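K.L.:
After the sequence you'll find the predicted model.
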Amino acid sequence: MEETIILGSERLGPGPWKTPDPFLFCMYHLDDYPVGNEEMSPSASLQGRAIGQDFSGLDGWSMYHGRKVPGFPEHPHAGFETVTLVRRGFIDHADSLGAAARYGEGDVQWLTAGKGVRHSEMFPLVHRDRPNPTELFQIWLNLPRRSKQAEPHFSMFWHEEIPVHVAEDERGRKIEVKVIAGQLGKTRALAPPPASWASQPEADLAIWTLRMAPGARWTLPPARAGTNRSLYFFSGSSLRIAGHALTESHRVDLAADREVELEAGETDVELLLLQGRPIAEPVVQYGPFVAESHEALRAVILRYQATEFGGWPWGSSEPVHPRGEGRFARLPDGTLLRPEKLSSS
């Protein structure tokens, strides 16, 4: 192990993955949902599950807090951002701003909670003729103190718009890097929300997913000194990082200002990269509320109790959209976005 490059490694567990400042944590969901029924619920028995609190992984999937459709019914957030990368399956979003969306199959939603927002994230099983596997990352990104009271902001990055850096090694083996935040060479991500730490040039923030063909070699370029950088090896048989051999399901913390040689094993390798200059402020958290002090945290909770962050404009705490709706996003001002148009209508 090259100590000057690899600062530490840890096996990934099933719960939230540890992340460096400015991130709060990363959750990886992989559920092999069965065929859906008319209500977009699992066409399977729910017996043996603690409905409303099912994290069992029984038969390869969980209902989470959903009662009919899997997912996470209405709940508040404040003081941070969620960046949700859906690799397979779909999420039906609704929030207290009046925004709604169905996104998935490579799309990314970026939601700045700021001073407070309520939202729901349900996993509709839209296919009645085949299984509905669902795979996603949800990354919690902290906000600096100056942005904790920012107005909530909803952004949708369609799969078709997200830049991808493609490279080949000396033997023609392909490496693809999906650049969700930050910049890789000349490949620059879409603009992050305005209040995000990612929008600050000094933040050196990057969120990438990497896919390497079997045996592929690639050099991860250096970032700035003082930046935190972690790689999450979540799929594949084996990987060498700076000559150090790893098996699947490991996090590796890297010296960001050093280039790093990566070499895939005998199968495709997939990685998530999280990097950023630390915000370096205190973090006080109570569930979905994040603040910079205990006093600020109490103020956020009292404000939520008094205002409910604007109320809930939906008839259900776990709304889902019609099966045939397709991928769409309706912004708080009513603007309708669809990926096939890549423009408002």
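P.N.:
Perfect, I can see it now.
K.L.:
Please enumerate the helices of the stretch 151-300 of the chain.
P.N.:
Under the criterion DSSP state H, counting those that start in this stretch, the stretch 151-300 of the chain contains helices at 294-307.
K.L.:
The closest residue to Val108 other than its chain neighbours: how many residues sit nearby?
P.N.:
Spatial nearest neighbour of Val108, excluding adjacent residues (CB to CB, 6 or more residues apart in numbering): Phe157 at 4.2 Å. C-betas here are computed from N, CA, C, even on glycine. Applying other CB atoms under 10 Å, we find 22 residues neighbouring Phe157.
K.L.:
swap in Val320?
P.N.:
Val320 has 24 neighbouring residues, counting by other CB under 10 Å.
K.L.:
what's the spacing between the residue nearest to Val108 and Asp107?
P.N.:
7 Å (CB to CB, to the nearest Å).
K.L.:
same check, this time on Ala225
P.N.:
Distance of Ala225 to Asp107, given as CB to CB: 34 Å.
K.L.:
neighbour-wise, which of these two wins?
P.N.:
Taking neighbours as other CB under 10 Å, Ala225 and Asp107 compare with Asp107 leading, 25 against 11.
K.L.:
Any figure for the gap between the more buried one and Ile162?
P.N.:
For Asp107, the distance to Ile162 - CB to CB - is 8 Å.
K.L.:
before we move on, what about Gly8?
P.N.:
30 Å.
K.L.:
Please say which of those two ends up with more neighbours.
P.N.:
Ile162 (17 against 11).
K.L.:
so that one sits right up against Val177, yeah?
P.N.:
No. Ile162 is not in contact with Val177 according to CB atoms under 8 Å; the separation is 10.8 Å.
K.L.:
residue ranges with poor pLDDT in the stretch 151-300 of the chain?
P.N.:
Scanning the stretch 151-300 of the chain for pLDDT under 70 picks out nothing.
K.L.:
I figured Pro144 was touching Trp197, is that so?
P.N.:
Yes. Taking CB under 8 Å as the definition, Pro144 is a contact partner of Trp197 at 5.9 Å.
K.L.:
Looking at those two, which has the bigger crowd around it?
P.N.:
The residue with more neighbours, out of Pro144 and Trp197, is Trp197; 24 against 17, by other CB under 10 Å.
K.L.:
Contacts only, for the more buried one.
P.N.:
Trp197 sits next to Pro22, Leu141, Asn142, Leu143, Pro144, Ser147, Ala203, Leu205, Gly276, Ile279 when contact means CB atoms under 8 Å, 6 or more residues apart in numbering.
K.L.:
what do you get if the cut-off is 10 Å, keeping everything else the same?
P.N.:
22-23, 80-81, 141-144, 147, 181, 203, 205, 276-279 (CB atoms under 10 Å, 6 or more residues apart in numbering).
K.L.:
just Gly182 next, same as before
P.N.:
So Gly182 contacts 188-189, 192, 198, 203-208, 223, 273, 275-276 (CB under 10 Å, 6+ apart).
K.L.:
Give me the helices and strands touching the helix or strand hosting Pro73, please.
P.N.:
Taking DSSP states H and E as the criterion, Pro73 maps to strand 71-77. Helices and strands touching strand 71-77, by 3 or more CB pairs under 10 Å, 6 or more residues apart in numbering; DSSP states H and E, are strand 90-95, strand 117-122, strand 132-142, strand 289-291, helix 294-307.
K.L.:
relative to strand 132-142, how tilted is that strand?
P.N.:
Angle, strand 71-77 to strand 132-142, by axes from the mean of the first three to the mean of the last three CA atoms, to 10 degrees: 10 degrees.
K.L.:
Next, the angle from strand 71-77 to strand 117-122.
P.N.:
Angle between the axes of strand 71-77 and strand 117-122 is 170 degrees (criterion: the same axes, to 10 degrees).
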